[in-house]
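Asks: Need a 3D model of the sequence below.
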Amino acid sequence: MTTGLVYHPDYLKHDLRLHPENANRLRSIVKFLEEEGMMGKLLRISPRKATLKEIEYRSEERRVGKECRSRWSPYH
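Replies: Residues are numbered from 1 along each chain as shown. Got it, this is the predicted structure:
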């Protein structure tokens, strides 16, 4: 079985310092993979830009999820 890795240095620009998804965390992961010799075993997958249809789908999914959570929340 092959494990793939989608990565591009531009991902480091998405830096939410106080959030778990931040540039330092990504740097640490890449460094670990390199130091452990795992990077060469991964299938490198080139990222691509999302299509407008994919963005709209995710936006709708989030909106619907938010509405459902607020509607069924015991705190609203």
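Asks: How about the residue most central in space within the chain: what's its closest non-neighbour residue?
Replies: The residue lying closest to the centre of the chain (Cα atoms, centre = their mean) is Glu21, at 7.8 Å. Nearest residue to Glu21 in three dimensions, chain neighbours excluded: His14, at 7.2 Å (Cβ to Cβ, 6 or more residues apart in numbering). Any C-beta I mention is one placed from the backbone N, CA and C, and that applies to glycine too.
Asks: Need the per-residue pLDDT for the one you found.
Replies: If you check His14, the pLDDT there is 82.
Asks: same deal with Cys68?
Replies: pLDDT, Cys68: 53.
Asks: For the residue nearest to Glu21, give its distance to Ile55.
Replies: Between His14 and Ile55 the computed distance is 15 Å (Cβ to Cβ, to the nearest Å).
Asks: One more: Phe32?
Replies: Distance from Phe32 to Ile55, by Cβ to Cβ: 31 Å.
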